[in-house]
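K.L.:
sequence plus predicted model, see below.
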Amino acid sequence: MADLKALSEAIISGNRDEALRLTKEAADAGVAADKILNDGLTAGMDVVGTKFKNNEFYVPEVLIAARAMNAAMEVLEPLLAEAGTKMKGTVVLGTVKGDLHDIGKNLVGMMLKGGGFNVVDMGIDVSPEAFVEAAKKENAEVIALSALLTTTMPQMKNVVDAVKAAGISTKTMIGGAPVTQEYADEIGAEGYAPDAASAVDKAKELVG
Ligand code: B12
């Protein structure tokens, strides 16, 4: 008997083996892949995100939960593809040029995946041209940029400008410790979020 509540609890507690077992069990029992994703994995990651926002969970707990989610996603991804499940949208994600910090960016990527987005992670030190090229290739709704250095923040504006110059409709969302809503407004980025959980809400808002 598939137990999606137990699956979301396994995600919240970061129990990878249990998450994997329950995902396989639900799939074998014939539960639709999108139901397993929404009512099991995403439901669990939603709780993780809320706890993280409320300082009840810290980075290690989120990473452990995301590891459990990633293991379960390996089982689920082919099934989702087979069923033609539509993801919420595609986000091209990366840390801007000159910046090597990726812990926060990775958390954002994991939470976005948990929230049902297709995430194309470009890694660190990504040029504006590479962001635009990937957004075109992937038909991305959102480009999400991370910067941790005050010296690399201006690269975010370069990406926003490059998106505009390319004439594509992809929206830009920015974040990272030194970044603020005020800065997003100043450079013309459509979105800003202070943490990984809010990044999911903002991405949903941006894809409409
Ligand atoms: C770990 C770390 C490193 C590691 C990075 C390892 C890695 N793989 O990421 C290493 C050792 C490589 C490093 C190097 C450097 N670092 Co460093 N580093 C840090 C440190 C200690 C933690 C950053 C971190 O991971 N935080 C935890 C994550 C979870 O938080 P976060 O990144 O803010 O992400 C959250 C939000 O901001 C948001 N978010 C993040 N990205 C995005 C993106 C989007 C789209 C959205 C919506 C949200 C979002 O969601 C995340 C989760 O909630 C900080 C200090 C600190 N306490 O912040 C300094 C710090 C960022 N580093 C600093 C500096 C100066 C450097 C160096 C220049 C040091 C040097 N002289 O060599 C180099 C620069 C290298 C480079 N070119 O990038 C300074 C920056 C100062 C400044 N204002 O510019 C800091 C603040 C330290 C300090 N107090 O001086 N660093």
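P.N.:
Cool, got the structure.

K.L.:
nearest residue to the residue nearest the centre of the chain in space, please, no chain neighbours.
P.N.:
Most central in the chain under Cα atoms, centre = their mean is L112, positioned 2.1 Å from the mean C-alpha point. Leaving aside its sequence neighbours, L112 sits nearest to V119 (Cβ to Cβ, 6 or more residues apart in numbering; 5.1 Å). Any C-beta I mention is one placed from the backbone N, CA and C, and that applies to glycine too.

K.L.:
neighbours around that neighbour, how many?
P.N.:
When neighbours are defined as other Cβ atoms under 10 Å, V119 has 23 of them.

K.L.:
how about it, secondary structure?
P.N.:
strand (DSSP: H, G, I helix; E, B strand; the rest coil).

K.L.:
give the contact list for it.
P.N.:
Contact partners of V119, counting by Cβ atoms under 8 Å, 6 or more residues apart in numbering, are T90, V91, L93, G109, L112, K113.

K.L.:
any idea how far it is from T90?
P.N.:
8 Å (Cβ to Cβ, to the nearest Å).

K.L.:
what parts of this structure come near the ligand?
P.N.:
Taking Cβ under 6 Å from any ligand atom as the contact definition, the chain meets the ligand at 59, 98-105, 107-108, 144-146, 148-151, 173-178, 193, 195-196, 199.

K.L.:
just those residues: which are in strands?
P.N.:
Among the residues of the chain next to the ligand, the ones falling in strands (DSSP state E) are A144, L145, S146, M173, I174, G175.

K.L.:
among those, which pair sits farthest apart?
P.N.:
S146 and M173 (9.9 Å; Cβ to Cβ).

K.L.:
between these two, which has more neighbouring residues?
P.N.:
Neighbour comparison, S146 and M173: the larger count goes to S146, with 29 against 23 (by other Cβ under 10 Å).

K.L.:
picking that back up, and which of the ones in strands among the residues of the chain next to the ligand is nearest the ligand?
P.N.:
Comparing those against the ligand with Cβ to the nearest ligand atom places G175 closest, at 2.1 Å.
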